[in-house]
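> would you be able to build a 3D model of this:
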Amino acid sequence: MDKSKEIFSEYSDIVTVDEVMKMLRLGKNTVYKLLKDDEIMNVKVGARYVIPKQSVIEFVSISNHKS
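Modelled structure (predicted):
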């Protein structure tokens, strides 16, 4: 199993902005910027973001490869 999946196993398949903040240890403004810029794939429904946990895992994976 991918280490990112192990780390985030406690989260459901769809996560909230607050959960992404906890997962990545980032502030709210940074998470909203990542979502707005489609750095973390999401679907906006009204004023809310629907964020697949897999998109957070992919963001972490891509970020690790850029380093």
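> just give me the residue right at the centre of the chain.
V56 (3.0 Å; Cα atoms, centre = their mean).
> where exactly do the helices run in the chain?
Remark: helices assigned in the chain by DSSP state H are 3-7, 17-24, 28-36, 53-66.
> got the angle between the second one and helix 28-36?
Between the axes of helix 17-24 and helix 28-36, defined by axes from the mean of the first three to the mean of the last three Cα atoms, to 10 degrees, the angle is 100 degrees.
> next, the angle helix 53-66 makes with helix 17-24.
30 degrees.
> what sits against L34?
V20, L26, I40, F59 (Cβ atoms under 8 Å, 6 or more residues apart in numbering). Glycine gets a C-beta too; all of them are placed from N, C-alpha and C.
> and those, which are buried?
V20, I40, F59 (16 or more other Cβ atoms under 10 Å).
> re earlier: out of the helices of the chain, which one sits most buried?
helix 17-24 (a mean of 17; mean count of other Cβ atoms under 10 Å).
> residues contacting that one, please?
Here helix 17-24 has contacts from 8, 11, 15, 26-28, 31-32, 34-35, 40, 49, 51, 56, 59-60, using Cβ under 8 Å, 6+ apart.
> low-confidence stretches in this protein?
1-5, 63-67 (pLDDT under 70).
> which strand in it has the most residues?
Longest strand in the chain by number of residues, with DSSP state E as the criterion: strand 48-52.
> distance of the residue nearest to K33 when sequence neighbours are not counted relative to E6?
Nearest in space to K33, with sequence neighbours left out and distances taken as Cβ to Cβ, 6 or more residues apart in numbering, is E39 at 7.9 Å. Using Cβ to Cβ, to the nearest Å, we find E39 at a distance of 23 Å from E6.
> just G46 next, same as before
33 Å.
> one more: K22?
For K22, the distance to E6 - Cβ to Cβ - is 16 Å.
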